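Peer 1: the following block contains a protein sequence and its predicted model.
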Amino acid sequence: MHTKSAFLTGGLLSLALLTSGCSTTDGRSATNPQHPGPAIGQSVGTAVGVVGGNVVGAVYGVGEGVVSGVQKPFTNEPHVVRVWHTETTSDGRTIQVPQDILVDEYGRPVAK
């Protein structure tokens, strides 16, 4: 009994989705939106658009999250912090010497 009602509900929903037109909000319409049929059609069309848009947005968001999660272990971009320190040469000159330190994404030095 539940199978028949599920098919009936699905069929009616499919029929409503297929027979409902696109919603036009520019004021030009082939039908009078004050009559019950076109008003119901526009309401169903708007509801389908909202639900469909949210479903597509959720699927897209899940896809982006999966891609971001899969990429995370493979990101090996080197981040280098350059530190300058002063040294005095054997002839008495004072110079600035750079020291490059490889760091992870949190700024912690990476052990070599």
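Peer 2: Noted; the coordinates are in hand. Numbering: from 1, shown residues only.
Peer 1: where's the most centrally placed residue in the chain, which helix or strand?
Peer 2: By CA atoms, centre = their mean, the chain has its centre lying nearest to Gly61, at 3.8 Å. Secondary structure from DSSP states H and E places Gly61 in helix 36-71.
Peer 1: average pLDDT across the very next helix or strand once past that helix?
Peer 2: The helix or strand immediately downstream of helix 36-71 is strand 79-88, counting by DSSP H and E. Mean pLDDT, strand 79-88: 92.
Peer 1: which SS class is the residue of the chain most remote from its centre?
Peer 2: Using CA atoms, centre = their mean, the residue of the chain lying farthest from its centre is Asp91. It sits 61.0 Å away. What DSSP: H, G, I helix; E, B strand; the rest coil gives for Asp91 is coil.
Peer 1: for it, grab phi and psi.
Peer 2: As for Asp91, its main-chain torsions (degrees, to the nearest 10) stand at phi -90, psi 10.
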